[in-house]
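J.: From the sequence below, what's the structure:
(4 chains)
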Number of protein chains: 2
Amino acid sequence: MRDEEIAAIRELALFASMDEKNFDELVQGSYLQIFPPGLQLISEGDPADFLHIVIEGCVELVATANKRETTLFMIEPVKTFILAAVLKDDVYLMSARTAIRSRILLVPADAVRQVMAKDGEFALGMLHELANYYRVSVRTLKNQKLRTGVERLANYLITLDTLQGASGVCKLPHDKRTLASYLGMTPENLSRAFGTLAQYGVEVSGRKISLSNLEDLTVLAKPEKLIDG
Amino acid sequence: MRDEEIAAIRELALFASMDEKNFDELVQGSYLQIFPPGLQLISEGDPADFLHIVIEGCVELVATANKRETTLFMIEPVKTFILAAVLKDDVYLMSARTAIRSRILLVPADAVRQVMAKDGEFALGMLHELANYYRVSVRTLKNQKLRTGVERLANYLITLDTLQGASGVCKLPHDKRTLASYLGMTPENLSRAFGTLAQYGVEVSGRKISLSNLEDLTVLAKPEKLIDG
DNA sequence: TCATAAAATTGATAAAAGTCAAGCTCTTGA
DNA sequence: TCAAGAGCTTGACTTTTATCAATTTTATGA
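T.: I've put the predicted structure just below:
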């Protein structure tokens, strides 16, 4: 790993206040790797060997059962994933694959656990990271259990537009297939949901979305601080 | 609080290996209270003042949006709840109410954060507790997104029977209303789901359930280690 | 023990979501 | 530039789930 990359990682909230020596110990055994899109990084049920950190790109966390698959989370830089499995020295509950070409830092799980036990600052960093993930997971669960598909899409679009500058024009960051899976519906249903939203000023052209009637859309979506942030 | 109660709490994995002095500091500001059933302990959106620990009884974590309500988790002794909000010094994402008469220990949030910062063992205990919750939340999300209502009920019954001794006879721990909400369906639908399961050997009489054909039920339910544990 | 309320069930209907099949549209690489 | 394939959309239909209304059952306290 190059020095400038190490320095960038050091800045992350997770590592920022930990001891220099412990940081070195963590980084020494780590690998920084570039993966092509669509590559399976982790399979659910496997033991947790490495803590993963997305430095660049995007990773999709998916789960399977009943011959069905669903996308649970999309992980963007700079974030860890599968922290809980590493921490508990247990198997992964989700699979992970790159959504696009991605640079990922692999930190050996036993090193993470060892350093955590002796560096309180690092343990606190992990605690905060994990607390964030727990809350994201609870929000996702609320979104899924309390809203219909159309409502989930409407809120997703409002949030997306806000993140991209609230200009009323935004761009989907993923495949519609992936988006459908993330929103908990089939691709066919996503198409129809976009159709339903047309009367609320949502125009779709490929991945480009324009929201020309945010008031009506918001009335339909009923965004909630405790779900959408 | 009585000495024997303090001793019992001290035994919890969360507190077991922490420093005596720090433990005393935590306990000193805490209250142990008994609440009647159906009492609202926490409202979603409120700032996190206390870490709650269910010593006896049962607490339901619910969330609301769109004039709908859903039960996200049932917390049984001896477990903490709303740890993440306390940790992040943020608002609660869920409301909490007692399902039955319950004894609950209330630990001031700022004390928790202070002790956590200076006692590494306690921080590690919190980390494990939180990792457990995160994983429960992910399992719940998988259950919700990958299964139909009937499948969720079937798996719930198989797990319940296993927990209660795998005798093929078990007892629902909650109202059917509450169970329906927990399983992500309406009470009417729960009734019909029980009806559907009759042909798989599920007999219902009030809260008493008997499973006379576990093989067929299991074929339908397709339990998964990574969802049902 | 009975009256009352709450909980649970059942039926009828509607809405939401999934499935299957066909066709369209956009890449993308030869 | 075009052909192939993947991604997306649309239509017809089925399944799943919710809603509303009416009963029945169960629990509870006077």
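J.: for chain A, what spans make up the helices?
T.: A:3-10, A:13-16, A:20-28, A:83-88, A:109-118, A:120-146, A:149-163, A:176-183, A:187-197, A:214-221, A:225-228 (DSSP state H).
J.: now, of the ones you listed, which is deepest in the fold?
T.: Most buried of the helices of chain A, by mean neighbour count (mean count of other Cβ atoms under 10 Å in any protein chain shown): helix A:83-88, with a mean of 24. Backbone N, C-alpha and C define where each C-beta goes, glycine included.
J.: quick one on the thing from earlier: using CSV, lay out the helices of chain A together with distance to DNA strand D and mean pLDDT.
T.: Listed next are these as CSV, based on distance: least, Cβ to the nearest atom of the strand, whole Å; pLDDT from 0 to 100:
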stretch, distance to DNA strand D, mean pLDDT
helix A:3-10, 31, 84
helix A:13-16, 33, 90
helix A:20-28, 36, 93
helix A:83-88, 27, 96
helix A:109-118, 32, 95
helix A:120-146, 8, 96
helix A:149-163, 11, 98
helix A:176-183, 4, 98
helix A:187-197, 4, 98
helix A:214-221, 15, 97
helix A:225-228, 17, 98
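J.: Any chance of TSV for the ones you listed, columns distance to A:Arg68?
T.: Below are the helices of chain A laid out as TSV (distance: least, Cβ to Cβ, whole Å):
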stretch	distance to A:Arg68
helix A:3-10	36
helix A:13-16	33
helix A:20-28	37
helix A:83-88	22
helix A:109-118	29
helix A:120-146	14
helix A:149-163	16
helix A:176-183	10
helix A:187-197	13
helix A:214-221	26
helix A:225-228	24
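J.: Show me the one of those helices that comes nearest B:Gly149.
T.: helix A:120-146 (11.9 Å; Cβ to Cβ).
J.: hang on, the earlier thing: may I see the helices of chain A arranged in TSV, with distance to DNA strand C as well?
T.: Listed next are the helices of chain A as TSV, based on distance: least, Cβ to the nearest atom of the strand, whole Å:
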stretch	distance to DNA strand C
helix A:3-10	28
helix A:13-16	34
helix A:20-28	35
helix A:83-88	26
helix A:109-118	34
helix A:120-146	9
helix A:149-163	3
helix A:176-183	8
helix A:187-197	4
helix A:214-221	11
helix A:225-228	15
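J.: Compare those and give me the one nearest B:Ala63.
T.: helix A:120-146 (4.7 Å).
J.: The closest one to helix B:120-146, inter-axis angle?
T.: On the basis of axes from the mean of the first three to the mean of the last three Cα atoms, to 10 degrees, helix A:120-146 is oriented at 20 degrees to helix B:120-146.
J.: quick one, helix A:120-146 and helix A:176-183 angle?
T.: Using the same axes, to 10 degrees, helix A:120-146 lies at 100 degrees relative to helix A:176-183.
J.: what's stretch A:139-155 in contact with?
T.: With contact meaning Cβ atoms under 8 Å, 6 or more residues apart in numbering or on different chains, stretch A:139-155 is reached by A:72-73, A:183-185, A:189-190, A:193-194, A:196-197, A:200, A:202, A:217, A:220-223, A:226-229, B:63-66, B:68, B:70, B:72, B:93, B:137, B:140-141, B:144-145, B:184.
J.: at 7 Å what do you get?
T.: Stretch A:139-155 is contacted from outside by A:183-185, A:189-190, A:193, A:196-197, A:217, A:220-221, A:223, A:227-228, B:63, B:65-66, B:68, B:70, B:72, B:93, B:137, B:140-141, B:144-145, B:184, using Cβ atoms under 7 Å, 6 or more residues apart in numbering or on different chains.
J.: Show me the beta-bridge partners of the most centrally placed residue in chain A.
T.: Most central in chain A under Cα atoms, centre = their mean is A:Ile75, positioned 2.4 Å from the mean C-alpha point. Residues in a beta bridge with A:Ile75, per DSSP bridges, are A:Val59.
J.: now the one 5 residues further on
T.: Residues in a beta bridge with A:Thr80, per DSSP bridges, are A:Ile53.
J.: Would you mind confirming that it makes contact with A:Leu51?
T.: Yes. A:Thr80 lies in contact with A:Leu51 (Cβ atoms under 7 Å); the separation is 6.0 Å.
J.: More neighbours: these two, which one.
T.: A:Leu51 (24 against 21; other Cβ atoms under 10 Å in any protein chain shown).
J.: confidence score at the spatially most distant residue from the centre of chain A?
T.: Relative to the C-alpha centroid of chain A, counting by Cα atoms, centre = their mean, A:Gln199 is the outermost residue, at 30.4 Å. In this prediction, A:Gln199 carries a pLDDT score of 95.
J.: ok, so what distance separates it from A:Leu83?
T.: A:Gln199 sits 42 Å away from A:Leu83, taking Cβ to Cβ, to the nearest Å as the criterion.
J.: and if you look at A:Asp19?
T.: 20 Å.
J.: Pop the domain breakdown of chain A in here.
T.: The record's domain split for chain A, according to automatic domain parsing, is A:3-145, A:147-228.
J.: mind checking the end-to-end distance for the shortest one?
T.: One end of domain A:147-228 sits 12 Å from the other (Cα to Cα, to the nearest Å).
J.: what residues does chain A put near chain B?
T.: A:44-45, A:63, A:65-66, A:68, A:70, A:72, A:84, A:87-88, A:93-94, A:117, A:120, A:123-124, A:126-127, A:130-131, A:133-135, A:137-142, A:144-147, A:184, A:222, A:224, A:226-227 (Cβ under 7 Å from any Cβ of the partner chain).
J.: Mind doing that once more with 6 Å?
T.: By Cβ under 6 Å from any Cβ of the partner chain, the residues of chain A that approach chain B are A:44, A:63, A:65-66, A:68, A:70, A:72, A:84, A:87-88, A:93, A:120, A:123-124, A:127, A:130-131, A:133-135, A:137-138, A:141-142, A:144-146, A:184, A:222, A:224, A:226.
J.: pLDDT score for the closest residue to A:Gly57 other than its chain neighbours?
T.: Once flanking residues are discounted, A:Gly57 sits nearest to A:Ser102: 2.5 Å by Cβ to Cβ, 6 or more residues apart in numbering or on different chains. pLDDT, A:Ser102: 94.
J.: A:Ser102 bridge partners, please.
T.: With DSSP bridges as the rule, A:Ser102 is bridged to A:Phe35.
J.: same check, this time on the one 4 residues further on
T.: On the basis of DSSP bridges, A:Leu106 is bridged to A:Tyr31, A:His52.
J.: Run a quick neighbour tally on it.
T.: 16.
J.: contacting residues around it?
T.: By Cβ atoms under 6 Å, 6 or more residues apart in numbering or on different chains, the residues touching A:Leu106 are A:30-31, A:50.
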